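> sequence first, predicted coordinates after that:
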Amino acid sequence: MSRSALNIYTLLLLACLLAPTLAAQGVLTGRLYDAAGGEPYLDEPAMIGAVALPADAPAFNELTATQWQGAFNALAAGQQPDTPMGGVIAPVIPTGSWFSPVEGDGAFRLEGLPLDTRLGFAAKVGELWWPLVNEGWLTADAPELDVRVPYFRLGADRSNIRIEKWRLEARTRLRPDLRYGPVTVIERLRIVNPDPALAALVTVELNVMVPPGLSAQNLPAMYGSQLVYMQGWNVGSPLEKPFTEENAAAWSFGTGGGMHGGPAQPRSGPQVSADNWHLLNNDPMLVMTGAGDTVYRVNPSPSGRSATLVFTRPVPPTRDGIPGVLEIRLMHQGGVLTAAPAERVSFTRSFDYPVLEAEANLPPELTLAALVEGAHRRLYGPAQDGRHPTNPEHTPDLAALEVAQLVFAFSEEAQQMMGRWEAGEAPPPAAQPEPTAGGPSFNLSVMFKALALVFGLAFVGALVATIRKPRDEQLKKLAELPASRREVMDAVVALDAEYKEGAMPARVYQEQKQRLMNRLVEFDANAAE
């Protein structure tokens, strides 16, 4: 065989060997479109990108609810991200990434995508990546996918942005087996944009409380029990799914959505978390917002207990005469030790935009003082039956860049009760009715049923931090989770006996007992469903 014939034969052989490999690649095609109905042609350069997600990663629409813009920028530039997708709350390292320019009419084509792999897609227009909510899954039988990716043009006048409502609700669940009085605060910020064509990219910084015994550094590991947030807008239809064990772990970012703090177990194939099972999304009109970033920031402080959530998200334009709405919701928890029940829990709020109405609701066990710093006035109107209404003497309630100081304290009766518990005069733990407050309230019963699945994480962390026994004995103790309600009650009796014999420190006793009580709550919640 001549040399030329041999070369041709070799090339044909290589082509045959490479053909299956080349065929085993997927293609994404589609088009970007202005969801506000603007011009189909782009005003600025755009790019389409895809990332391959590990099989056990949280759903792509969960990841885009965290910190992800910087990671996509770095990957698009062929660099390693300084901060992974998901930030410190849900860090995920993609197993591959692909990027391509978008044509001026919004059309795009992305080739070389892997098959049988979870794929997340996003398009960058100007400074912002806009995600496609549903993950892609290409196969040998269906190697091509055609999609439409919505976006909004940015540029609305931010001087017209208003925080229409800021509603705050505080709750507490005092119990003698807990060594501190918890103060749980749920906040809702409703931000509106009157522009008929352009969205506004806004930044909202919210200082978060940190429960006693935790630091700002380890708070992200308690997401779902000590910290929950969401951002939604009135665009499109929420993702709906029935309540299943899989969906019960939705929006946990993989931090503890499974039973007793275990990670969520994604099924095979593309993932998506239903909006209707987010703990804070009790409004059927809200769709989770993926464009933008939510950054968890640990602030330098002597105590190590200062943290801030920074939301950088777009407020959509007005549609059909209805102003565009971005709603941010946050649940965070602080508290005071029962050894010092007269202590206070406080945080500050300041916004770049005026707050037209500010309201708060509290149970009888809590008091609230809310002052506007430097203005010598109260934030709310006169309180009545736990309700702090909007201030009738000031419009807006809080001007842009003004600072509001909110200070929570326990009532005298609640302080006395905690003092008796600290002195060992408390009766055995018993179920207490939910505190109530005037006006509409957050459905805590639903939340606590869902949180029964994640309570274990918080208390495993607390136990690991406080138990003084050898590590193998600690792990054995944590693994012994009672399988029935009767076993829980027997374990409580045995724990009390062990403590009275001086076989364990008081802190370990309290934490172990709290874990058992939460197991009891879990059984009761499951029985009620």
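It's in. Values in this document were obtained by computation on a predicted structure and should not be read as measured data. Numbers count the residues shown, from 1 in each chain.

> buried ones in stretch 341-349?
341, 343, 345, 347, 349 (16 or more other C-beta atoms under 10 Å). Backbone N, C-alpha and C define where each C-beta goes, glycine included.

> now render the residues you listed as a markdown table, adding distance to residue 147 and pLDDT.
A markdown table is the format used below for the buried residues of stretch 341-349 (distance: C-beta to C-beta, whole Å; pLDDT from 0 to 100):
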| residue | distance to residue 147 | pLDDT |
| --- | --- | --- |
| 341 | 56 | 95 |
| 343 | 53 | 96 |
| 345 | 47 | 96 |
| 347 | 42 | 97 |
| 349 | 39 | 98 |
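
> in strands only, show me those residues.
345, 347, 349 (DSSP state E).

> between these, which sits nearest residue 423?
residue 345 (22.4 Å; C-beta to C-beta).

> show me what contacts that closest one?
183, 209, 334-336, 407-409 (C-beta atoms under 8 Å, 6 or more residues apart in numbering).

> turn those residues into CSV, columns for distance to residue 225.
Below are the contacts of residue 345 laid out as CSV (distance: C-beta to C-beta, whole Å):
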residue, distance to residue 225
183, 15
209, 14
334, 14
335, 13
336, 19
407, 24
408, 20
409, 24
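
> can you add pLDDT and secondary structure and give those residues back as TSV?
As requested, the contacts of residue 345 are exported to TSV (pLDDT from 0 to 100; DSSP: H, G, I helix; E, B strand; the rest coil):
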residue	pLDDT	secondary structure
183	97	strand
209	97	coil
334	96	strand
335	96	strand
336	95	strand
407	98	strand
408	98	strand
409	97	strand
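
> give me the buried entries from these.
183, 209, 334-336, 408-409.

> any chance you could map the helices in the chain?
Assigned helices in the chain, in chain order: 3-23, 60-63, 69-76, 245-248, 412-422, 444-451, 455-466, 471-479, 485-500, 506-528 (criterion: DSSP state H).

> in terms of mean pLDDT, which of those ranks lowest?
For these, mean pLDDT drops lowest on helix 455-466, to a mean of 38.

> returning to what we had before: and the contacts of residue 345, which is closest to residue 104?
The nearest one, if we look at those relative to residue 104 and count by C-beta to C-beta, is residue 209, at 48.5 Å.

> what sits against that closest one?
Residue 209 makes contact with 183, 185, 332-334, 345, 347 under the criterion C-beta under 8 Å, 6+ apart.

> roughly how far apart are it and residue 348?
11 Å (C-beta to C-beta, to the nearest Å).

> report the central residue of the chain.
residue 229 (4.0 Å; C-alpha atoms, centre = their mean).

> isn't it right up against residue 309?
Yes: counting by C-beta atoms under 8 Å, residue 229 does reach residue 309; the two are 6.0 Å apart.

> hey, what's in contact with both of the two?
With C-beta under 8 Å, 6+ apart as the test, residue 229 and residue 309 both reach 294, 330.

> so, low pLDDT: which residues of the stretch 51-200 of the chain?
Of all residues in the stretch 51-200 of the chain, none has pLDDT under 70.

> now do the strands in it.
Shown for the stretch 51-200 of the chain, the strands assigned by DSSP state E, counting those that start in this stretch span residues 96-101, 107-113, 118-125, 128-131, 144-151, 162-171, 180-193, 200-208.

> quickly list the domain ranges of the protein.
14-151, 158-256+273-430, 451-528 (automatic domain parsing).

> quickly list what the residue nearest to residue 95 when sequence neighbours are not counted is bridged to.
Leaving aside its chain neighbours, residue 95 sits nearest to residue 52 (4.6 Å; criterion: C-beta to C-beta, 6 or more residues apart in numbering). Beta-bridge pairing for residue 52 (DSSP bridges): residue 96, residue 119.

> now for residue 52: which residues touch it?
Contacts for residue 52 (C-beta under 8 Å, 6+ apart) come out as 94-97, 114, 117-119.

> which among those gets closest to residue 275?
Looking across the contacts of residue 52 and measuring by C-beta to C-beta, the closest to residue 275 is residue 118, at 19.6 Å.

> so what's that closest one up against?
Here residue 118 is in contact with 52-55, 57, 60, 135-137, 269-271 (C-beta under 8 Å, 6+ apart).

> just send those back as CSV, with distance to residue 224 too.
Shown next, in CSV, are the contacts of residue 118 (distance: C-beta to C-beta, whole Å):
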residue, distance to residue 224
52, 26
53, 20
54, 20
55, 21
57, 17
60, 19
135, 22
136, 27
137, 27
269, 24
270, 23
271, 17
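
> name the nearest of those residues relative to residue 177.
residue 57 (36.7 Å).

> residue 55: how many residues sit nearby?
12 (other C-beta atoms under 10 Å).

> quick check, residue 309 in contact with residue 330.
Yes: counting by C-beta under 8 Å, residue 309 touches residue 330, with 6.7 Å between them.

> shared neighbours of these two, which are they?
206, 208, 229.

> show me which of those is closest to residue 358.
Nearest to residue 358 among these, with distances taken as C-beta to C-beta, is residue 206, at 14.2 Å.

> contact partners for that closest one?
Contacts of residue 206 (C-beta under 8 Å, 6+ apart): 187, 308-309, 311, 328, 330, 349.

> tell me the one of those nearest residue 163?
residue 328 (9.5 Å).

> follow-up on the earlier one: quick check, nearest of the ones in strands among the buried residues of stretch 341-349 to residue 254?
For these, the nearest to residue 254 is residue 347 (27.4 Å; C-beta to C-beta).

> next, count neighbours for the closest residue to the closest one other than its chain neighbours.
Of all residues not flanking residue 347 in the chain, residue 207 sits nearest, at 4.8 Å (C-beta to C-beta, 6+ apart). Number of residues near residue 207 (other C-beta under 10 Å) recorded here: 17.

> settle this for me: residue 207 is touching residue 306, isn't it.
Yes: if you go by C-beta under 8 Å, residue 207 and residue 306 touch, sitting 7.4 Å apart.

> how much space between the residue nearest to residue 95 and residue 250?
For residue 52, the distance to residue 250 equals 22 Å [C-beta to C-beta].

> isn't residue 367 right up against residue 411?
Yes: in this structure, residue 367 is within contact of residue 411 by C-beta under 8 Å, at 6.1 Å.

> these two: which is more packed in?
residue 367 (17 against 14).

> ok, that one - contacts?
So residue 367 contacts 408-411 (C-beta under 8 Å, 6+ apart).

> bridging residues for it?
Beta-bridge partners of residue 367, as defined by DSSP bridges: residue 409.
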